[in-house]
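**Q** using only what follows, build the 3D model:
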Amino acid sequence: MITFKYQDTTLAYERLGRGAPLVLIHGFPLDHSIWDEVTPLLSSTFDLILPDLRGFGESVSSAPAWTMRDLADDLAALLDHLGLESAFLAGHSMGGYVTLAFADAYPQRVRGLALVSSQAAADAPEKRSARHAQARQIAEDGIGEMVAAMTEKLSTDERVRKFVHELMRKQKPAGYIGSLKAMAERADTLSVLEKNLFPVLVVHGGADGLIPFQREIQAKVPRARVTEIAGAGHMPMMESPREVAEALRGLK
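**A** I've put the predicted structure just below:
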C-alpha cells in the first residue's frame, strides 16, 4: 500500500483503475480489503481509491480519540495528496458515516455519494451508551469479545464470516476504541442528503441483521436510487459483488 503523513496520522491507501475517481471507504472494524471482489469489476469505469481509515489496516494515528469530522478531514487530505478536487464516494457501514461527514464538510467535493449497508441517523441514546461501554471493555480486556460477537452478525455466508473474523482479529484495539467513540457521538446527517443535489445511492442487503433498510432516506430524499439485494447481509460487497458493482456504476 501507499502511505502519506497527515498531521498526527499516517494514512495508507491503494489506487487502481481508470476513469472518474471513486473512493471506497470500509466499515468498522475492517479495512480496505473488503472491497477486493468489487474492484476488478469497477476498475475499467473508475479511478478507485481505497483508504484504510485511521486506526485500521496500515493507517495509524497517535491521537487518543477522534470524530467523524476528523475522519472526513483525513479523506480531504487524501484527495489533496492525490491532486483531486472532487470524487465519488461510497461508504460501507461506518464508512457511510464518514462519507456523510465528508459531504457535510466538503459538499463541493462530492460528485456523488453511495451508502452501502449504512444509515444517516444518529445513534439512539441506548446505542450511544453501549458503544462507550464497548470501548471501555476493549481498553480493559482487548478485542476478542467484540470480534466473536460481530462475526455472527456480519453475514450468514461461512466464507465471508471466516474472512471478516480473521480481518477483525488483525485490527488494533486503538482503532476499535477511537471509532466506537466517534460513532457514538456522530450527528444525524439526513439533512446533508436533503440539502445537497449530488447523486445519492443506497445499497442494502435484504438480510442485513445490523442496520435496517433505510426507508427514511427513500422518503426524505426522492432523488436517491435504492438497490436492495435479496439474501445479502451486512457485507454485500463480498456476498453479491456483481450487484454492488452494477449499482455503483450507476453513480456516474
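
**Q** CA only for contacts and neighbour counts going forward, please
**A** Will do.

**Q** which residues touch the closest residue to Thr39 other than its chain neighbours?
**A** Nearest-residue entry for Thr39: Leu48, 7.4 Å, with adjacent residues in sequence omitted and distances by CA to CA, 6 or more residues apart in numbering. Residues touching Leu48, when contacts are defined by CA atoms under 8 Å, 6 or more residues apart in numbering, comprise Glu14, Arg15, Leu16, Gly17, Arg18, Pro21, Leu22, Val23, Leu24, Thr39, Leu42.

**Q** pretty sure Leu48 sits in a strand.
**A** Yes - when DSSP: H, G, I helix; E, B strand; the rest coil is applied, Leu48 is found to be in a strand.

**Q** quick one, grab the pLDDT at it.
**A** Among the per-residue scores, Leu48 holds a pLDDT of 98.

**Q** how far out from the middle of the chain is whichever strand or helix holds Lys153?
**A** Element membership for Lys153 (DSSP states H and E) is helix 144-154. When distances are taken as CA atoms, centre = their mean, to the nearest Å, helix 144-154 is centred 18 Å away from the chain's centroid.

**Q** need the contact partners of the helix or strand following that helix.
**A** For helix 144-154, the succeeding helix or strand toward the C-terminus, using DSSP H and E, is helix 158-170. Residues outside helix 158-170 that contact it (CA under 8 Å, 6+ apart): 29-31, 57, 143-144, 147-148, 151-152, 154-155, 235, 238-239.

**Q** averaged pLDDT, helix 158-170. What do you get?
**A** 97.

**Q** now the element after that helix, going C-ward?
**A** Next along the chain after helix 158-170, taking DSSP H and E as the criterion, comes helix 173-184.

**Q** that following helix packs against which elements?
**A** The helices and strands touching helix 173-184, judged by 3 or more CA pairs under 8 Å, 6 or more residues apart in numbering; DSSP states H and E, are helix 125-141.

**Q** the helix it packs on to helix 144-154, inter-axis angle?
**A** With axes from the mean of the first three to the mean of the last three CA atoms, to 10 degrees as the basis, helix 125-141 and helix 144-154 are set at 140 degrees to each other.

**Q** now do helix 125-141: which elements does it pack against?
**A** With contacts taken as 3+ CA pairs under 8 Å, 6+ apart, helix 125-141 sits against helix 173-184.

**Q** the very next helix or strand once past the helix it packs on packs against which elements?
**A** Beyond helix 173-184 on the C-terminal side, the first helix or strand identified by DSSP H and E is helix 190-195. Under the contact criterion of 3+ CA pairs under 8 Å, 6+ apart, helix 190-195 touches helix 94-105.
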